[in-house]
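[1] got a predicted structure here, sequence first:
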Amino acid sequence: MDIIFLNNLKFDIIIGIFDWERENKQTIILDIEMASDITLAAKYDDIQHALDYKAVYDRIKGFVENSQCYLVETLVTEIAAIIQNEFRVAWLKIKLNKQGILGPGTDVGVIIERGVKPA
Ligand SMILES: Nc1nc2c(c(=O)[nH]1)N=C([C@H](O)[C@@H](O)CO)CN2
């Protein structure tokens with residue numbers, strides 16, 4: 001199985017359960033891994049045969065920057081559904097990190113996997 005990854009994607013958004021979090025944007029960090037067979041893309045050296053990570057980035061950026069979820073679970077699940085449904089990704093893993101929210105240097109959030117890993 002080959003993987004296309006996007007790591008350390010930072011977005012300033014409204015996310016959280018407390019009143020102050022509904023008024024003030026916070027930075028979240030996304031790490032995304034997507035199963036993608038790169039054979040044809042490499043054979044023809046043609047983006048038309050590839051999972052275009054810029055297209056995925058642009059779609060996720062647009063969605064996340066307009067989100068206002070309360071829970072990290074909600075946002076990460078919605079991100080996964082977009083990638084699976086719109087980019088026909090069979091398996092993915094996403095880590096969503098609300099870095100620093102529990103204090104300087106802390107990392108907290110959620111990691112999910114969705115779909116079936118190809119051989
Ligand atoms: N399982 C979760 N627990 C908590 C979340 C969450 O999104 N999922 N969020 C919060 C607060 O918004 C926190 O991030 C800010 O102090 C607390 N617990």
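    Perfect, I can see it now. What you are looking at is a predicted structure, and each value in this text was computed from that prediction instead of being measured.

[2] need the contact list for the residue of the chain found nearest the ligand.
    Across the chain, no residue is closer to the ligand than residue 16, which sits at 3.2 Å (Cβ to the nearest ligand atom). Placement of C-beta: from N, CA and C, glycine included. The contact partners of residue 16, by Cβ atoms under 8 Å, 6 or more residues apart in numbering, come to 22, 26, 70, 98, 101.

[3] which of those fall within strands?
    Using DSSP state E, residue 26 are the members of those that sit in strands.

[4] what is the helix with the most length in the chain packed up against?
    Under DSSP state H, the helix in the chain containing the largest number of residues is helix 72-87. When contacts are defined as 3 or more Cβ pairs under 8 Å, 6 or more residues apart in numbering; DSSP states H and E, helix 72-87 sits against strand 26-35, helix 53-64, strand 91-97, strand 109-115.

[5] reformat the ones you listed as CSV; add distance to residue 46.
    Formatted as CSV, the helices and strands packed on helix 72-87 follow (distance: least, Cβ to Cβ, whole Å):
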stretch, distance to residue 46
strand 26-35, 19
helix 53-64, 15
strand 91-97, 23
strand 109-115, 25
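
[6] what would those look like in TSV with distance to the ligand, mean pLDDT and mean neighbour count?
    Formatted as TSV, these follow (distance: least, Cβ to the nearest ligand atom, whole Å; pLDDT from 0 to 100; neighbours: other Cβ atoms under 10 Å):
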stretch	distance to the ligand	mean pLDDT	mean neighbour count
strand 26-35	8	98	19
helix 53-64	14	98	15
strand 91-97	9	98	20
strand 109-115	7	98	15
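
[7] and residue 80, which of these is closest to it?
    Closest of the helices and strands packed on helix 72-87 to residue 80 is strand 109-115, at 4.7 Å (criterion: Cβ to Cβ).
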